[in-house]
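S.K.: I would like the atomic coordinates for the input below:
(one chain, ligands or ions: 1)
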Amino acid sequence: MSTLREELIHATIRRAILLIDYDIHNNVHKKYEFIKQTILADSSLTNDEKNKAIRYHNKSYDMQKISCNEGTKRICEYCNRKCLATEYCEYCVQDYLKSKFSTWTSGNNDIDHLIQKCQIEALHPQMIVDWIPYNNLKNIKYLTKGGFRALISFGNYQTIPTSFGIGAVSVL
Ligand SMILES: [Zn+2]
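M.R.: Below you'll find the model as predicted:
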């Protein structure tokens, strides 16, 4: 497989979004189909790049379908429930996260409940709020301090590998 030109892939998606006529493509499904067809018709992308662009677009479409709670549902092959996402199953992700509630704690019930609520309402497995114990953070850099909080950046941290490819978002 040749090297995929990620910048060009994202530029093509952005250009397709800019071409949307909101009078014609007036719901998430029509917008999805228009963007998909625009990507497929773009001659500057290779077939592999078009496939990658469509996968990115599908992920975005999954989030929109779930947040709007509309769209064609499919039967998940793992839990047999009707889910909206095509790249994953929102119920399997939620079940997995719930099964892990007892395996972590921030040490503060309010924070735990907030993170649990965010996890249950997550729209995409790569956008899940997660508790990261301080000891798991590496390469911590204090960017600024002010008021009652500090803004930090960090590099590597240890995560629990999952079949969903769940990432983590740092909250302060
Ligand atoms: Zn499922």
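S.K.: need the strands for this structure, in chain order.
M.R.: Shown for the chain, the strands assigned by DSSP state E span residues 74-75, 82-83, 141-146, 149-153.
S.K.: Close to the ion: what parts of the protein are there?
M.R.: 76, 78-79, 89, 91-92 (Cβ under 5 Å from the ion). Just so you know, the C-beta spots here come from the backbone N, C-alpha and C atoms, and that holds for glycine as well.
S.K.: what do you get if the cut-off is 8 Å, keeping everything else the same?
M.R.: Of all the residues in the chain, those in contact range of the ion (Cβ under 8 Å from the ion) are 76-81, 83, 89-92, 95.
S.K.: And residue 46, how far from the ion?
M.R.: Taking Cβ to the ion, to the nearest Å as the measure, residue 46 and the ion are separated by 33 Å.
S.K.: Residue 63 too?
M.R.: The gap separating residue 63 from the ion is 17 Å, by Cβ to the ion.
S.K.: And for residue 17?
M.R.: Residue 17 is 29 Å from the ion, by Cβ to the ion.
S.K.: OK, contacts around residue 40?
M.R.: With contact taken as Cβ atoms under 8 Å, 6 or more residues apart in numbering, residue 40 is in contact with 50, 54.
S.K.: ok, now residue 118?
M.R.: So, once contact is read as Cβ under 8 Å, 6+ apart, residue 118 ends up touching 128-129.
S.K.: for this structure, where's the lowest mean pLDDT among helices and strands?
M.R.: Scoring the helices and strands of the chain by mean pLDDT, DSSP states H and E places strand 149-153 at the bottom, with a mean of 61.
S.K.: for the chain, which spans come out with low pLDDT?
M.R.: 1, 146-172 (pLDDT under 70).
S.K.: And it, what are its domain boundaries?
M.R.: 6-68, 89-153 (automatic domain parsing).
S.K.: Quick check: which of those domains is buried the most?
M.R.: By mean neighbour count, with neighbours taken as mean count of other Cβ atoms under 10 Å, domain 6-68 ranks first of those at a mean of 16.
S.K.: Measure how far that one is from the centre of its chain, please.
M.R.: 16 Å (Cα atoms, centre = their mean, to the nearest Å).
S.K.: Output the longest helix belonging to this protein.
M.R.: In the chain, assigned by DSSP state H, the helix with the most residues is helix 47-68.
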